[in-house]
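>>> Need coordinates for the following:
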Amino acid sequence: MGTIGILIAIALIVILAMKGFSIVFIAPLASIVVIVTNGMNFFPSLIGNETSFMTGLTGFLINFFGVFLLGAILAQYIEKSGAAQAIAEKVLSITGTEKPFSVLIAIYAISAILTFGGISLFVVLFVVVSISETFI
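So this is what the prediction gives:
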C-alpha cells in the first residue's frame, strides 16, 4: 500500500501542478497522502521534531536560501538588462522557429547557457517562462 500511496502522491503533484495550483499547497497535500497510505503517525510525521516533512522543508530552505536569493537577483539582473532576451533571440535565430522540435532544442540551449552562466536551474525556469511568453 505504501508504494501505491507514493505513486498516488506523485500523480497528485503532477495533476494539480498542471492545473495551476501552487506547489506550496500541493506538497503538504501529497505528503499527507503518503502518510495516510503508509499507516504512519499523522502529526509526528507531518510536523514532528526530528524527521518530519516540515523539519525537512525548513532545513532545505535554510541551507539553500542564499543560493536561491543570489540566483534570483542574478536572474533579474540578466532579465532586466536584456541579456536573457538577447541570448534567446540569438539561439532562436540559429535553431529557427518553424518546427516544434527546433523550438524545444532552443529552450534546452537557452536553459543550458543561462545555467552555465551561474544561474540556478530553479531560477532559470522562471526566466525561460518569461522569455517564452514573449514569443507566444
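>>> and the helix or strand containing residue 65, what does it pack onto?
Applying DSSP states H and E as the criterion places residue 65 in helix 53-81. Packing partners of helix 53-81 (3 or more C-beta pairs under 8 Å, 6 or more residues apart in numbering; DSSP states H and E): helix 23-37, helix 42-47, helix 83-95, helix 121-135. (Glycine included, C-beta is placed from N, CA and C.)
>>> 6 Å - rerun?
Counting by 3 or more C-beta pairs under 6 Å, 6 or more residues apart in numbering; DSSP states H and E, the packing neighbours recorded for helix 53-81 are helix 121-135.
>>> Tell me what angle the helix it packs on forms with helix 83-95.
Counting by axes from the mean of the first three to the mean of the last three C-alpha atoms, to 10 degrees, helix 121-135 points 70 degrees away from the direction of helix 83-95.
>>> Show me the residue at the heart of the protein, geometrically.
Central residue of the chain (C-alpha atoms, centre = their mean): residue 122, 5.2 Å from the mean position.
>>> any weak-confidence spans in the chain?
Applying pLDDT under 70 to the chain flags the ranges 131, 133-136.
>>> mind checking how far the helix holding residue 65 is from the chain centre?
Here the centre of helix 53-81 is set off from its chain's centre by 12 Å, with C-alpha atoms, centre = their mean, to the nearest Å.
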